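[1] Structural data only, the sequence is not supplied:
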């Protein structure tokens, strides 16, 4: 009887069409996810005018999705380790598609906020699940590249919202950009029929024939036989207490360091996305439309994510992430210097690369740190805790702006936390990472059946 290590076979696989299909679906899902999050900000001026709300009410309406994301990342990330990651992803798509579209049908700020909160559950919940799924099936030698390439779709979604939003809103009203968000619903049958389930879940459910078919797609040289027995190392096995494993086997301190890094990174991302154009306009820059700033920030984020993933596959991902946080501190600080508009846009792109891009690499690192069976839970909790930084950023930076601080001081308040995050990542104990701390469970096992024993004795 062959005892086969499913995790090891996924690690050592060559990139094939099977991987490309997973990458395609996960990237498409993230693009829609990024669109759904960005669309409220794009449509906000029209919403305020139509509903007659003041800036304070508008801020609450936008932040309601962030609160939903915080709970969605924690709850739906953990649920995936119980019901299967594929169904958790489908549940998230359903939530963010239907309730974003529902927000376009509301005429009341309270109903709008409720629908955005419910959409936020799906927006936040899908992130840890697709990162965990891509991490699980990606070959080890290009894992960071594939995860960050997939997650760069988040920035693409933001750019699509910015590019299409203006035309749709002018032609059909602000409701149109929300109603368009229902489109992913039609993809659900295709996702269910082509996206593979998580390997630990299949093993735990006893669905060995389905797992054999998946392994055969990972490795065409594998030819399944009836006596094959698949196994995972103990730390990769699913159980009913996944949260416990975030603090098990010495991972507690590193888990907290991940939470600090996620919180700070999301603080920087949302501080820039909320206040960058306003701060620069107040400083006297002729920046034109806010669209150019949004595009520069998101384009930098996409390039930074892909480049960060490429470096992480060739060097130590932990120290690549530390370097990106340091770059964030430097580039954001440079925004406070009096620069011509051209160089300023370059610095904005670097700021996007080292904040949005850094957040994506942080997702990739968390995916590699936690064991397969609790990967969605680990990423989900880090993302959920990190959302508190996203919620606090617009408020805290707004308080500084109200104090009429010098431009440099405002950007230093965003930049200095990046150095704290770099320190937090440097303190993560990489020796406990699932990518380096696992046993090989493959090998030959004696056939336990009496007939086999008799044949062995003859």
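    Arrived safely, thanks for sending. Keep in mind that what you see is a predicted model, and the values were worked out from it rather than measured.

[2] quick one: the residue nearest to residue 337 when sequence neighbours are not counted from residue 169, how far?
    Leaving out its chain neighbours, the residue that sits closest to residue 337 by C-beta to C-beta, 6 or more residues apart in numbering is residue 408, at 7.5 Å. Heads up, the C-betas are built off the backbone N, CA and C, glycines and all. Separation of residue 408 from residue 169 (C-beta to C-beta, to the nearest Å) stands at 35 Å.

[3] Quick check: what element follows the lengthiest helix in the chain along the chain?
    If you go by DSSP state H, the chain has its longest helix at helix 17-51. Going down the chain from helix 17-51, the next helix or strand is helix 55-83, by DSSP states H and E.

[4] Just the buried residues of that following helix, please?
    By neighbour count with 16 or more other C-beta atoms under 10 Å, helix 55-83 contains the buried residues 57-59, 61-74, 76-81.

[5] Likewise for stretch 154-168?
    In terms of neighbour count (16+ other C-beta under 10 Å), stretch 154-168 has its buried residues at 154-162, 164-165, 168.

[6] Out of the residues you listed, which is nearest to residue 212?
    The nearest member of those to residue 212, counting by C-beta to C-beta, is residue 154 at 33.9 Å.

[7] That closest one looks like it's in a strand, true?
    No: Residue 154: not assigned to a strand; according to DSSP: H, G, I helix; E, B strand; the rest coil it is helix.

[8] Could you find the closest non-adjacent residue to it?
    residue 34 (4.1 Å).

[9] Look at the one you found and say how many residues are nearby.
    Residues contacting residue 34 under the criterion other C-beta atoms under 10 Å number 24.

[10] List the contacts of it.
    Taking C-beta atoms under 8 Å, 6 or more residues apart in numbering, we find residue 34 in contact with 153-158, 160-161.

[11] What distance do you get for it to residue 157?
    2 Å.

[12] in which helix or strand would I find the residue nearest to the spatial centre of the chain?
    Nearest to the mean C-alpha position of the chain, by C-alpha atoms, centre = their mean, lies residue 127 at 3.9 Å. Secondary structure from DSSP H and E places residue 127 in helix 109-137.

[13] Counting by contacts, list what whichever helix or strand comes after that helix packs against.
    Using DSSP H and E, the next helix or strand after helix 109-137 towards the C-terminus is helix 143-151. The contact analysis (3 or more C-beta pairs under 8 Å, 6 or more residues apart in numbering; DSSP states H and E) places helix 143-151 against helix 17-51, helix 109-137, helix 290-314, helix 356-369.

[14] closest to residue 347 out of those helices?
    Checking the helices and strands packed on helix 143-151 against residue 347 by C-beta to C-beta gives helix 290-314 as the closest, at 9.3 Å.

[15] The residue nearest to the centre of the chain and residue 364 touch, don't they?
    No: using C-beta atoms under 8 Å, residue 127 is not in contact with residue 364, being 12.0 Å away.

[16] For the residue nearest to residue 154, give me the pLDDT.
    As predicted, residue 34 sits at a pLDDT of 83.

[17] Likewise for residue 240?
    Residue 240 is assigned a predicted lDDT (pLDDT) of 52.

[18] Please apply the same query to residue 26.
    Per-residue confidence (pLDDT) for residue 26: 91.

[19] Now for it: which residues touch it?
    Taking C-beta under 8 Å, 6+ apart as the contact definition, residue 26 lies against 130, 133-134, 150, 153.

[20] With pLDDT as extra columns, can I get the contacts of residue 34 in a markdown table?
    A markdown table is the format used below for the contacts of residue 34 (pLDDT from 0 to 100):
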| residue | pLDDT |
| --- | --- |
| 153 | 82 |
| 154 | 78 |
| 155 | 75 |
| 156 | 82 |
| 157 | 84 |
| 158 | 77 |
| 160 | 83 |
| 161 | 82 |
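
[21] could I get these as CSV with distance to residue 316?
    Output for the contacts of residue 34, formatted as CSV (distance: C-beta to C-beta, whole Å):
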residue, distance to residue 316
153, 26
154, 24
155, 25
156, 28
157, 30
158, 29
160, 34
161, 35
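
[22] With respect to residue 146, which of those residues is nearest?
    residue 153 (12.1 Å).

[23] what's the distance between that closest one and residue 252?
    Separation of residue 153 from residue 252 (C-beta to C-beta): 32 Å.

[24] got it, and residue 298?
    35 Å.

[25] Over to residue 18?
    Computed as C-beta to C-beta, the residue 18 to residue 252 distance reads 36 Å.

[26] ok, these two, which is more surrounded?
    Taking other C-beta under 10 Å, residue 18 and residue 252 do not tie; residue 18 has more neighbours (18 against 12).

[27] What pLDDT is listed against that one?
    pLDDT, residue 18: 88.

[28] so who does it touch?
    Per C-beta under 8 Å, 6+ apart, neighbours of residue 18: 137, 217-218.

[29] JSON lines please, covering the residues you listed and showing neighbour count and distance to residue 103.
    Putting the contacts of residue 18 into JSON lines (neighbours: other C-beta atoms under 10 Å; distance: C-beta to C-beta, whole Å) gives the following:
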{"residue": "137", "neighbour count": "24", "distance to residue 103": "34"}
{"residue": "217", "neighbour count": "16", "distance to residue 103": "39"}
{"residue": "218", "neighbour count": "21", "distance to residue 103": "40"}
